[in-house]
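# need a 3D model of the sequence below.
(one chain, ligands or ions: 2)
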Amino acid sequence: MGEQWVVDFDASDEADRNLLGGKGAGLSGMTKAGLPVPPGFTITTAACRAYYDADRTIPDGLWEQVDEAIARLEESTGKHFGGDADPLLVSVRSGAAISMPGMMDTVLNLGLSATTAPALERLTGDARFAADSHRRFVQMYAEIVLGIDHDRLRLPTGVEGPEALRRLRHIVRDQTGAVVPDEPHEQLRSTIASVFDSWMNRRAIDYRALNGIPDDLYTAVNVQAMVFGNTGPTSGTGVLFTRNPTTGERAIYGEYLEDAQGEDVVAGIRTPRPVAALAEVSPAVYAQLTEVAQQLEQTYRDVQDIEFTVEREQLFLLQTRNAKRTGRAAIRSVVDMVDEGLIEREEAVRRVSPERLEELLHPVVQALPTTRALTSGLPASPGGASGIVSFSADEAVALTEAGHDVILVRHETSPDDFHGMVAAKAVVTSRGGVTSHAAVVARGMGKCCVVGCEDMFVDYVKQIFLTDGATLSAGDVITVDGTAGIVYAGAVPMVEPELDDYYDRLMGWVDDIRRLDVRANADTGADAAVARRLGAQGIGLCRTEHMFFEGERIDVMRRMIMAPNQTVRNEALAELEPFQTDDFEQLFASMDGLPVTIRLLDPPLHEFLPSRSETATALVNRKLQLRTATDLGRIDTLLEEINELQATLDQVERLSEANPMLGHRGCRVGVSYPEITRMQSRAIFTAALRCSERGIDARPEIMVPLVAFSTELSNQRDIVEAVALDVLGSDSGVEYRVGTMIELPRAALTADEICTVAEFVSFGTNDLTQTTLGLSRDDSSRFLPGYVRKGITHADPFQQIDERGVGQLVARGVELSRSANDDIKVGVCGEHGGDPASIAFLGRLAIDYVSCSPYRVPIARLSAAHAALEVS
Ligand code: PEP
Ligand code: MG
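Residues are numbered from 1 along each chain as shown. Ligands and ions are numbered 1, 2, ... in the order given. Model (predicted):
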């Protein structure tokens, strides 16, 4: 006996989803549960595979099996395929194992012909209905099977009945020279072959590529007896959700359209009514529908999205599937289902995806599919914001103070723009990757940000930016979707976030399940307070150089970095110390009782140096002015300015590095200038002491950055410990640890040696990615999106950890760290610490915690729970 390609709904095994496709499996399940499903059969995905394996040849035995299945269908319905008394009509629908909505084809009313159409008219006594059904079939067949463009098959309004059919036949002949066959078996065979073919149509291929669905899944074909919603006022069609897909509320939600077939709802020609309207027309049917909805939810233990048709007061179900829903609905429905005893807590946690949770934490831009994007870039920091365009940080502050919502648009940002970033609602840059200054700082502030919009050209002089097809000026309104990485013109609607009891309960279960701790990367007391509110268990990274971005501090910081000698540097450090001490005190207070990891200064110098070209231009300008100046006072001022600018330029040139990210930064600065490490240590311990006097439990962890050699760490540790002894004495009660970041390949490979000196280690996967790939984090956006599009890398390695390369170094580093000291605390504090896919990987390593920006803390908690449940 040959292979079985065809199975009836009541004989197939619902569990065989790969063979039956999602729709076929659902129909099988509903049929077996005794629900009112029109009978039919599934042609398996194996048949479609065989069709392609044989170069698009129908496999042996398929047509015979289809004929036999049709014969069974005739018997169960009492109707006859092609019959002139009570004709059997069928629908033919595609259905792969993974839902690909609208990508492949469907033909309805198949079986209508010159013989059966009059029979249908006689049977129903409804000439309009019969003609309408026949017209729909011819139109669909012409489009799907004969490949005629949908628009060419449009008829003028008012053309109906026999005239509509005549015109359609004419168009078909004109376009293809073919005819729509009248013989139903012939109709069926060509339609089945077309559905197989639609697996390889352009949009299906693109959809699969986009969603990572393999090409070799293939589609099943479902052939099902037709039921008609377009037979008058006691018929209709609708869609029903067992719970509200927007709010999750436990109440039936949906739409119903009287006297209509499914595609009328989709086409939007008529406006459907709420499904409850059915209760007025047909109370018994409505009661049955609500009961069936309950039954389906109980069976599938999830919110269902059900398509149904009513034919003359008789209910039929055509499809059921797990409903797509918003983040709010996703959380409420799973929490309710746990209370109802439908699912376990683990299952509830498993079902909420990080993307859905993210919706709850930030405003969500609700763009319609038709809203045209101005430009797109990397989604650097989620959320949404609308406001007027400003190209300068100072102006952004002024406009904000004047009561406007402002979007700061820059080539890229630097610490000079910090105040503008604080003031702005969102930040957009044309350059930079997801670990660029703009991205890291915006994420830290929970501010929506899109970076690396490569097709956007920003012209500061003309105060405009150009994108493909649009020019926008300062003051124009734009909307930024930081979750999707898209910028829109004008104000696009948004929904505001709100955390409710359902969220709290779910997150409680999340915390019970996860094994990884979650800390936050936070630089201020305010950020730390947000992080704690969102569930952070400490600070995993305070980037102390960020504390100098604001106001007068940046000038002092610059003076410190530019200091020509130790005396000047010490003066600047003395000015910085009180700021640092106050900041640390706030940080410890916000994190009372929890560890606070403070990283010693790690400034890539280029982020803090004055611009070389701007300084040089200013110098030339002053020299030109000096040539024409006559006033003596003015000449004195100019000479002074020239001297100052010349000194600055000389120092900038001395300090300029060909590659600052690999230059004099990290612990290298502290080794060269121990007074910096000393000042920071003093600030940390003084703040801890002050806290302890206030009854606050401060737990400082001092972290040395960018260590390559364990000896660098020993050098810095000695300095820190000497200051500790000096400030704390021997019995202050303040406990502290000294550890390091592992963010260079050499550090990862010698972690055992490093761990003989370090009391904790934290993997800085941003720099580890940069140095392992030899790829600058600030320049990667120029070509990385293209790499992802071309499939060279499957994701941006600065967003999602490169498991094979960087991941291997982390794994090895963890193993070596533990081999030296099994109790050592190991964390990860690069941006990957807030990325779900990276956490799934990191959760398999023996680390203690991940640390991420405050607003990602809940996402990291959920992802850590998923890692524990091994949801990938
Ligand atoms: C890192 O390199 O991963 C890190 C956390 O440090 P930064 O991003 O500040 O270089
Ligand atoms: Mg780093």
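# just give the closest residue to A85, not the sequence neighbours.
A119 (6.0 Å; CB to CB, 6 or more residues apart in numbering). The way it works is simple: take the backbone N, C-alpha and C, and place the C-beta from them, glycine included.
# so where do the strands sit in the stretch 251-400 of the chain?
Assigned by DSSP state E, counting those that start in this stretch, the stretch 251-400 of the chain shows strands spanning 253-258, 273-274, 304-311, 314-322, 364-365, 373-376, 378-381, 384-390.
# got the angle for the third one vs strand 253-258?
It stands for strand 304-311. 20 degrees (axes from the mean of the first three to the mean of the last three CA atoms, to 10 degrees).
# contacting residues around strand 304-311?
Identification of contacts with strand 304-311 by CB atoms under 8 Å, 6 or more residues apart in numbering yields 227-229, 231, 234-242, 245, 254, 261-262, 278, 282, 285, 289, 292-293, 296-297, 315-324.
# what strands line up against it, and which way round?
strand 236-241 (antiparallel), strand 314-322 (antiparallel) (DSSP bridges).
# so which of the ones you listed is the most surrounded?
strand 236-241 (a mean of 24; mean count of other CB atoms under 10 Å).
# for that one, what is the average pLDDT?
Strand 236-241 shows a mean pLDDT of 89.
# dump the C-alpha coordinates for that strand into CSV.
The C-alpha trace of strand 236-241 is given here as CSV (Å, rounded to 0.1, in the frame of the first residue of the first chain):
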residue,chain,number,x,y,z
GLY,A,236,-23.7,35.3,9.4
THR,A,237,-20.1,35.1,10.2
GLY,A,238,-17.9,36.2,13.1
VAL,A,239,-14.7,36.1,15.1
LEU,A,240,-14.7,35.6,18.9
PHE,A,241,-12.0,35.9,21.5
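# so what's the gap between that strand and the chain middle?
30 Å (CA atoms, centre = their mean, to the nearest Å).
# equivalent analysis for stretch 718-729, please.
Distance, centroid of stretch 718-729 to centroid of chain: 46 Å (CA atoms, centre = their mean).
# let's number from 620 now, not from 1
New numbering, starting at 620: the last item is stretch 1337-1348.
# got a list of contacts for it?
By CB under 8 Å, 6+ apart, stretch 1337-1348 touches 1289, 1293, 1296-1297, 1300-1301, 1304-1305, 1307-1308, 1321, 1353, 1355, 1357.
# try 7 Å
Here stretch 1337-1348 makes contact (CB atoms under 7 Å, 6 or more residues apart in numbering) with P1293, T1296, R1297, S1300, R1301, F1304, T1305, L1308, I1321, V1353, Y1355, V1357.
# just those now: which is nearest ligand 1?
Among the contacts of stretch 1337-1348, I1321 lies closest to ligand 1 (CB to the nearest ligand atom), at 15.3 Å.
# thought that closest one was touching V1357?
Yes. Using CB atoms under 7 Å, I1321 makes contact with V1357 at a distance of 5.0 Å.
# more neighbours: the two, which one.
When neighbours are counted by other CB atoms under 10 Å, I1321 and V1357 differ, and I1321 comes out ahead with 27 against 23.
# and the residue of the stretch 620-769 of the chain that's closest to ligand 1?
Nearest residue of the stretch 620-769 of the chain to ligand 1 (CB to the nearest ligand atom) works out as I717 at 35.4 Å.
# what's the closest residue to that residue other than its chain neighbours sitting at in phi/psi?
In this structure, I717 finds its nearest non-sequential neighbour in I832, 5.2 Å apart by CB to CB, 6+ apart. Torsion angles at I832 (phi, psi; degrees, to the nearest 10) stand at phi -90, psi 130.
# please enumerate the helices of the stretch 1270-1419 of the chain.
Here the stretch 1270-1419 of the chain has its helices, by DSSP state H, counting those that start in this stretch, at 1286-1291, 1293-1312, 1329-1347, 1364-1368, 1370-1373, 1384-1392, 1403-1408.
# whoops, the stretch 720-869 of the chain was the one
735-743, 746-763, 780-795, 803-817, 821-830.
# need the contact partners of the second one.
Read it as helix 746-763. 724, 726-729, 731, 736, 739-740, 743, 767, 769, 772, 779-781, 783-784, 787, 791, 799, 806, 810, 813, 849-850.
# repeat that with 6 Å
724, 726, 728, 731, 736, 739-740, 767, 769, 772, 780, 783-784, 787, 791, 799, 813, 850 (CB atoms under 6 Å, 6 or more residues apart in numbering).
# swap in stretch 850-866?
By CB under 6 Å, 6+ apart, stretch 850-866 touches 748, 848, 869, 872-881, 894, 912, 916, 922-932, 942, 944-945, 948, 952.
# just the buried residues from the residues you listed, in ChimeraX please.
Applying 16 or more other CB atoms under 10 Å to those, the buried members can be selected in ChimeraX as follows:
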select :748,848,869,872,873,874,875,876,877,878,879,880,881,894,912,916,922,923,924,925,926,927,928,929,930,942,944,945,948,952
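# now the residue nearest to I717: how far from C1310?
Using CB to CB, to the nearest Å, we find I832 at a distance of 54 Å from C1310.
# state the phi and psi torsions of A1139.
Phi and psi for A1139, reported as degrees, to the nearest 10, are phi -120, psi 150.
# can you pull the pLDDT of it?
Reading off the model, A1139 has pLDDT 97.
# from what I can see it touches R1475, true?
No. Contact criterion CB atoms under 6 Å: A1139 and R1475 do not qualify, at 8.3 Å.
# before we move on, back to that, nearest to ligand 2, of the strands of the stretch 870-1019 of the chain?
With CB to the ion as the criterion, ligand 2 lies closest to strand 997-1000 of those, at 16.9 Å.
# now the residue of the stretch 770-919 of the chain found nearest ligand 2: phi and psi?
Closest approach between the stretch 770-919 of the chain and ligand 2, counting by CB to the ion: G831, at 30.9 Å. Per-residue torsions, G831: phi 60, psi 30 (degrees, to the nearest 10).
# how about E1450?
Recorded main-chain torsions at E1450 are phi -60, psi -20, according to degrees, to the nearest 10.
# buried ones in stretch 1251-1260?
Buried residues in stretch 1251-1260, counted by 16+ other CB under 10 Å: L1257, E1260.
# with stretch 1322-1338 instead?
Neighbour-count burial for stretch 1322-1338 flags 1322-1327, 1329, 1331-1332, 1334-1336, 1338 (criterion: 16+ other CB under 10 Å).
# stretch 629-640 too?
Buried-residue list, stretch 629-640, by 16+ other CB under 10 Å: S631, E633, D635, R636, N637, L638, L639, G640.
# for E916, which non-adjacent residue is spatially closest?
T861 is the one closest to E916 (CB to CB, 6+ apart), at 4.6 Å.
# ignore what I typed, I meant Q907.
On the basis of CB to CB, 6+ apart, the spatially nearest residue to Q907 that is not a chain neighbour turns out to be L934, at 5.3 Å.
# find the residue at the geometric middle of the protein.
The structure's the chain has its C-alpha centroid closest to E974; by CA atoms, centre = their mean the separation is 5.4 Å.
# tell me the spacing between it and L993.
Note on E974: its distance to L993, by CB to CB, is 23 Å.
# name the residues of the stretch 1070-1219 of the chain found near ligand 1, please.
Neighbours of ligand 1 within the stretch 1070-1219 of the chain, by CB under 6 Å from any ligand atom: L1160, R1162.
# going along the chain, name the strands of the stretch 1070-1219 of the chain.
According to DSSP E, counting those that start in this stretch, the strands that the stretch 1070-1219 of the chain contains are 1076-1078, 1083-1086, 1089-1092, 1096-1100, 1105-1108, 1113-1114, 1136-1140, 1158-1162, 1214-1218.
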